[in-house]
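Asker: Sequence plus predicted model, see below.
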Amino acid sequence: MALMLAPYNEAMRIGMGFNSYTQQLCLNDVVRKAGGVKATEKDLHTQVPQVTSGNKDDGYMENQKGELVRRSKMVDGQKEVSQVVSWEAGFVDNISEVTEKLNIKGALQITCDAIGGGAGAEASYVNNSGFAKADVKYDITVKVTNERRIADDVVEFCPLPHAPEGKFTELYGDCFISGFIEGGVFHALVTKTKEEKSALKRMEGEMKIEASLARGAVKVEGSGGGGKSDETKEEHYSTQISVNWSGGGDIKSDGIVEWDVKNLMQVAMEFPDNVASCPQRTFAILTKYTALRSYHEQTTLGSPLDYENAGIYTGGLLDAYAEYKTLWKDIHQTISDVNSGNASARPREVVPGMKAYAESFDADYKERLTQYNGVVKTIEANREAYKGVTVEKPLPPNEVVPYRGDLFDLDKARRDCRFEMIKIVREVNEVTVNPQIATDPNRNWRYLSPNIFKLLVPTTAPPVKTKNEEDLEASKLLLEQELNAAREENSKLMTQQQESSSKNESVQAEQGKTHQDQLDQAKKDLEAFKAEVEAQKAERENAHRAELTAIKAEAEAQKSQHDNAHRAEVDALKTESENQKAQRDNAHRSELQSAHDELNRMRPKVLEEINGEVAQILVVTYGGMVFYDQGTPDQFGVVPKFLGAIHNQGQFRIENGIFTHDPNHGIQKFMCIIYRYNKPGQSTRLRTLVGEEGKVVQFDRW
């Protein structure tokens, strides 16, 4: 059976509980030595790979994936180090393939990214956006194991004596740390991205990488090509190389300023020998509790969850999350381009099947909402039996309707994209609690596929020019054409003149003064023609300037009309706002008068029912609604809150949370509380506490 591994971090300890799905640390010392003795580093026993061949390079394979046992070169001239070297190189399509090679679970990557963290140094160097947009992605992973350090005697399961039944996985996880692997890991990701794709007509690319490890002992080779051909040159592609490693010390020499394929291969070739002299802990070895005899002998409440089948499902969640993250950045860039006028957004058309897909989505949501409401009713009817049980309300589905090409719908698309990412995070949390979800064939519609969401997002195009701009461009083009024609005609005349002058050089002496006069006349005619061309050019330029001035004046007039209309609209809104404020003020006065009337009505009754309490809450109203009236049940639970404020003599802010809900949405509300003190020597007169929403108030001191 393959080892269960997790990336090492310095907080890990032998015997510590661990959740292999979320890769989160749990309680310390869950598994101990016999007699309950805590495990230490001294309990680790070393296991070194055994080399059966005399030649350290024998058995090395030139495949894209393999594993071999070798002896490194002499270390300090004293000893050789046996190593297990495994490698895998090839093209990848999804980011989950990269994290899987690093033993990083998709649940950890999604959860940490959602809260703004990262999955550790092993994965933080992967640029999700750059990875998604790259045309070719080649991954190289080399793992070197110098030794395994395992605590064979740490086998006694020691649970907490009074742990709740449903908290087993939360407290202990599903496995424990039973050892560590020391060696090194080298990881490189090479991506190639086409630039200016719209200018390419034929594409024919090939990428070839050769990695030789340990002086030619291991050779990794891969190639990839496209089905199209192009006259594109290499400069139309951008190459990015991301490298990280653990173990081997500082493998990047001073001569390497930035990574390229050549020095990448050189470093990869020397990596196993560097690890031989400078290893470090790379992975923790995990063992399931069910493999312990002592676990089955214990009388415990609860059992660990089985995450065996959750990995593939969560890998799909990670790929979808990464695509949505790239989409979110693209939409943000589109909004910026449209807002700055560098691009225009065009809505997509409704494709066949989109409506039926949306209806299926909505039907599934309504069914889950009905189930949720039924569960809530059951819990409310048996609060004691379901104490501590919480149920999350299903999240609403996407409408599956293409977004318009304006800024308002682009902003909505960005928010919806983020909402789909939240749904994926919730799905990871649900799998953490119930791994059987991953194998449920009927579990659909929890989030919208990113491939379908792409069909809803508008496409971008160059900005659409107005008619005035088009006319201006046409005028400029026409003027340039006329000027070019004039220059060509002038050039022809000059050429003809030069040719004529060259041919007549031999007879100029004979023609004498008559020919010279003709030549001078030709020059004068040429100068006159030049002057005529310049005059026509100046006339056209003046006409063009006049046309531009007229266009500018018309634009200014339109702007002035728009400003006047805007001012009128603002004045109308101000008038309407003042009217609404007057209505709210009248409503507030009426509410306050009602509270005073209620006070007068209750005064005789209160005086007759004096008891020994320090204070009594008689009437509570908020936003025109009576939340408590003495003699009736306190169904909103407000009386204990206000009695606590009286005893604490503290201030509190009037807000909807005190009353559990908002009785009047969008309207400023007033609170009125009628109370009295019954402490001996204290006046038993009725008191009132009145204030408006958002204000900080305090009861009278007693």
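Answerer: Yep, it's here.

Asker: Can you give the domain ranges for this structure?
Answerer: 4-307, 318-461, 467-583, 609-697 (automatic domain parsing).

Asker: First-to-last residue distance for the first one?
Answerer: The reference is to domain 4-307. End-to-end distance for domain 4-307, by CA to CA, to the nearest Å: 12 Å.

Asker: what do you get for stretch 648-664?
Answerer: Chord length of stretch 648-664, first to last residue, is 30 Å (CA to CA).

Asker: Just read off the phi/psi values of residue 545.
Answerer: phi -60, psi -40 (degrees, to the nearest 10).

Asker: How about residue 342?
Answerer: The phi/psi pair for residue 342 (degrees, to the nearest 10) is phi -80, psi -10.

Asker: For it, grab the count of nearby residues.
Answerer: 11 (other CB atoms under 10 Å). Backbone N, C-alpha and C define where each C-beta goes, glycine included.

Asker: what's the answer for residue 368, then?
Answerer: The burial count for residue 368: 16, using other CB under 10 Å.

Asker: Equivalent analysis for residue 350, please.
Answerer: 13.

Asker: what about it, distance to residue 361?
Answerer: 15 Å (CB to CB, to the nearest Å).

Asker: How about residue 21?
Answerer: 28 Å.

Asker: Mind checking which of the two has more residues around it?
Answerer: residue 21 (24 against 19).

Asker: out of everything not next to it in sequence, what's closest to the more buried one?
Answerer: In space, and not counting its chain neighbours, residue 21 is closest to residue 307: 4.0 Å by CB to CB, 6 or more residues apart in numbering.

Asker: Can you tell me the SS state at that neighbour?
Answerer: Following DSSP: H, G, I helix; E, B strand; the rest coil, residue 307 is assigned to coil.

Asker: again, but for residue 393
Answerer: Applying three-state DSSP: residue 393 is coil.

Asker: just the CA coordinates of the longest strand anywhere in the chain, formatted as CSV?
Answerer: Using DSSP state E, we find that the single longest strand of the chain is strand 175-194. Written as CSV, here are the backbone C-alpha positions of strand 175-194 (Å, rounded to 0.1, in the frame of the first residue of the first chain):
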residue,chain,number,x,y,z
CYS,A,175,-5.0,9.7,10.9
PHE,A,176,-1.8,10.6,12.9
ILE,A,177,1.8,11.5,12.2
SER,A,178,3.9,8.4,12.5
GLY,A,179,7.2,9.5,10.9
PHE,A,180,9.0,11.8,8.5
ILE,A,181,10.8,11.6,5.1
GLU,A,182,14.1,13.3,4.8
GLY,A,183,15.6,14.2,1.4
GLY,A,184,14.5,16.8,-1.1
VAL,A,185,11.9,17.9,-3.7
PHE,A,186,12.6,19.8,-6.9
HIS,A,187,9.7,21.2,-8.9
ALA,A,188,9.7,23.3,-12.1
LEU,A,189,6.9,24.5,-14.2
VAL,A,190,7.6,25.8,-17.7
THR,A,191,4.8,27.6,-19.5
LYS,A,192,4.6,29.1,-23.0
THR,A,193,2.0,31.7,-23.9
LYS,A,194,1.2,33.1,-27.4
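
Asker: That one - what's its average pLDDT?
Answerer: Strand 175-194 comes out with an average pLDDT of 91.

Asker: same check, this time on stretch 684-698
Answerer: 88.

Asker: how long is that stretch from one end to the other?
Answerer: 18 Å.

Asker: That stretch: which residues count as buried?
Answerer: Neighbour-count burial for stretch 684-698 flags 686, 687, 689, 690, 691, 693 (criterion: 16 or more other CB atoms under 10 Å).

Asker: Kindly report the same for stretch 418-426.
Answerer: So, applying 16+ other CB under 10 Å, buried residues of stretch 418-426: 420, 421, 423, 424, 425, 426.

Asker: can you give me the helices for the stretch 201-350 of the chain?
Answerer: Assigned by DSSP state H, counting those that start in this stretch, the stretch 201-350 of the chain shows helices spanning 261-277, 293-297, 310-340.

Asker: Take these and write them to CSV, including distance to residue 491.
Answerer: Shown next, in CSV, are these (distance: least, CB to CB, whole Å):
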stretch, distance to residue 491
helix 261-277, 52
helix 293-297, 97
helix 310-340, 43
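
Asker: Make TSV out of the ones you listed and add mean neighbour count, distance to residue 108 and mean pLDDT.
Answerer: Listed next are the helices of the stretch 201-350 of the chain as TSV, based on neighbours: other CB atoms under 10 Å; distance: least, CB to CB, whole Å; pLDDT from 0 to 100:
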stretch	mean neighbour count	distance to residue 108	mean pLDDT
helix 261-277	20	25	82
helix 293-297	13	25	86
helix 310-340	19	9	89
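
Asker: ok so, going back, quick one: which of the domains of the chain is nearest residue 593?
Answerer: domain 609-697 (10.5 Å; CB to CB).

Asker: ok so, going back, can I get the buried residues of stretch 418-426 in JSON lines with distance to residue 673 and pLDDT?
Answerer: Formatted as JSON lines, the buried residues of stretch 418-426 follow (distance: CB to CB, whole Å; pLDDT from 0 to 100):
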{"residue": "420", "distance to residue 673": "45", "pLDDT": "93"}
{"residue": "421", "distance to residue 673": "44", "pLDDT": "92"}
{"residue": "423", "distance to residue 673": "42", "pLDDT": "92"}
{"residue": "424", "distance to residue 673": "46", "pLDDT": "92"}
{"residue": "425", "distance to residue 673": "42", "pLDDT": "92"}
{"residue": "426", "distance to residue 673": "40", "pLDDT": "90"}
